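Asker: give me a 3D structure for the following:
(one chain, ligands or ions: 1)
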Amino acid sequence: MNVAVIGAQWGDEGKGKIVDYLATDAQIIVRFSGGANAGHTIVRGDEQFALHLVPSGVLYPDKRVILGTGMVIDPEALFAELGMLAERGIDWEGRVFISDRAHIVLPRYRELDKSMEAGRRRPIGTTGRGIGVAYAMKSSRDGMRLADLYDDERMENLEPGDVEFIKAWRDRLSPLSVDLTSFLAAHRNTYSLFEGAQGALLDLDSGTYPFVSSGMSGAGGAASQGGIGPRRLDKVLGVFKAYSTRVGNGPFPTEFDPDSQSGLCQFIRDTGREYGVTTGRPRRCGYLDLVALRYACLANSIDSLVLTHLDVYDTLETFEACVAYKIRGKLVEHFPASVRDLSDAEPVLRTFRGWKRSLKEVREYDELPREARDYVNFIEEYTETAIDIVSVGYDRRDTIVRKSPWTRY
Ligand code: IMP
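Answerer: Numbering: from 1, shown residues only. As a prediction, this is how the structure comes out:
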C-alpha cells in the first residue's frame, strides 16, 4: 500500500513527527520534493533530531529511505546530515538511497538564490539554500542529476567550479543512487510512505504564487516525483496544525499582529516552538484558516487529515478560526489565486470555547474534552474530510489514532 503524507498549510505542520509515527508500519519511506530548505524535527524521549534532507524514517534501524526524483540535493548538506546521524549511533549505510533522477544543488545556486532575493522588490523570504535556482536549472534543462555525474558531455555545460565540486562528491553520491521506479516496483507488496516537504500552500502550482517554494509539495508530487504513477497512490494524508504559521513573506489572511496587546502571537510561538528548524526564523502565527485548509483538501484529494499541536490551545479560554474572507467588502468562501486578493482578505472568524486542561496524557479520542471534540467536528464538517489522527505533544506516544492510516478509504 502506498500512502502520501503532505503538509496541508504553509509547511511546518508536524509532518516529521507524523511520518516518524507512521513509519513504524512502513518498510520504505520516500521523500518526494524539496531540499535542504525543509526542516523536520523528531523527538524520541530525551533526544531530538533535526533532519533537512534525509527522510524521517531513517531513525528506525530496519527501514529503507529514499531521496526521491523531485528532490534537489546539496551534497555538502546531505553528507553533513548523514555524518551527524552516524555520530549519534544511527547506522544508515545500506539503507539510504537517492533517485538517480534527482537533481544536484551546486554551490553557486545558493549564491544566486541570495543575490536574486536581494534584487527582488518584494522578496519571497527564501531559505537561501539554492532551491529555486536548482528547480529553475532543472526546468531550463541545465541541471545535473545523479545519473549524469560521470557524463563528460553534460559536464561540458558546467562552469569549472561546478565540475570540481561534482568530482569531489560523485564517488560518495553514486553508491547511493537507485532507479526509484524499478526499486519500488520490486517492493510493490510493501507499505511505502511518500513524505512531502513544505506544504500544499507552498506548492509551485497550487500555492500562493509567487510566495511559494519551487518544488511540487502537493500530493501530485508524490506520484510523479516519488517514482510511481498516480493510480498507485492509495491514500493521501494531509497534516495541519490547530492554528496556522508561515515562514518568509507572502499573504496570510489570519495572521496575528505580533505587537497586539493580546500577546497571542508570542504565546503561540513560544508554546508551539514556532521557530524555523532550518533558519531559526520566528514563524508568523495566526488562527486556523479553514478556507485555505478546505482548498488544500480539494487540490490534493486529501482522504484523511492529521491534526497536530492541538495541545497548544490547552490554556485558552476561547479561540477562533477563519470560515470565510471579506475581500474589499465582498464575502468570499473560496481560496483566491490572486496574492492581491489574499492580502486584502479580512478573515471572518468563528469563536470556539477552549478546554482549559492539559491534553498531554490523552490517548483515546473519547477522552478529549468536549470542547476539543467540537473543534475537531467543526473542521471535519467544514472541510468534508475526516480527521483520523490527533497529535497532542511532540513525542511519538502523544498521538491519538481514530482510524489506522493504513486503512484504504
Ligand atoms: P525556498 O524554498 O528557500 O525557495 O523558499 C521559498 C519560501 O518557502 C519561503 O517563504 C520559505 O520560508 C518557504 N519554505 C521553504 N521550505 C520551507 C519549509 O520546510 N517550511 C516552511 N516554509 C518553507
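Asker: check the gap between the residue in the chain that the ligand sits nearest to and residue 367 for me.
Answerer: When scored by C-beta to the nearest ligand atom, the chain has residue 248 as its residue closest to the ligand, at 2.1 Å. Backbone N, C-alpha and C define where each C-beta goes, glycine included. As for residue 248, its distance to residue 367 is 38 Å (criterion: C-beta to C-beta, to the nearest Å).
Asker: name the residue in the two with the higher neighbour count.
Answerer: Comparing residue 248 with residue 367 by other C-beta atoms under 10 Å, the one with more neighbours is residue 248, at 22 against 12.
Asker: what's near enough to touch that one?
Answerer: Each residue near residue 248 by C-beta atoms under 8 Å, 6 or more residues apart in numbering is listed here: 124, 125, 126, 127, 211, 281.
Asker: ok, and which of those residues reach the ligand?
Answerer: Contacts with the ligand within the contacts of residue 248, as defined by C-beta under 6 Å from any ligand atom: 124, 125, 126, 127.
Asker: I'd like those as TSV, with distance to residue 57 and secondary structure appended.
Answerer: Listed next are these as TSV, based on distance: C-beta to C-beta, whole Å; DSSP: H, G, I helix; E, B strand; the rest coil:
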residue	distance to residue 57	secondary structure
124	30	coil
125	29	coil
126	27	coil
127	23	coil
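Asker: of these, which is the most crowded?
Answerer: Highest neighbour count within those, by other C-beta under 10 Å: residue 127, with 25 neighbours.
Asker: excluding covalently adjacent residues, which one is nearest to that one?
Answerer: Spatial nearest neighbour of residue 127, excluding adjacent residues (C-beta to C-beta, 6 or more residues apart in numbering): residue 37 at 4.2 Å.
Asker: you'd agree that neighbour is in a strand?
Answerer: No: read with DSSP: H, G, I helix; E, B strand; the rest coil, residue 37 is coil and lies in no strand.
Asker: that one and residue 162, how far apart?
Answerer: Residue 37 sits 21 Å away from residue 162, going by C-beta to C-beta.
Asker: same question for residue 151.
Answerer: Separation of residue 151 from residue 162 (C-beta to C-beta): 13 Å.
Asker: for residue 90, same thing?
Answerer: As judged by C-beta to C-beta, residue 90 and residue 162 stand 31 Å apart.
Asker: pull up the residues of the protein that are close to the ligand.
Answerer: Residues of the chain lying close to the ligand (C-beta under 6 Å from any ligand atom) are 11-12, 37-39, 124-127, 129, 131-132, 197-198, 202, 213-214, 247-248.
Asker: format the ones next to the ligand among the contacts of residue 248 as CSV; extra columns: pLDDT and distance to residue 292.
Answerer: Below are those laid out as CSV (pLDDT from 0 to 100; distance: C-beta to C-beta, whole Å):
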residue, pLDDT, distance to residue 292
124, 95, 18
125, 92, 18
126, 94, 21
127, 93, 22
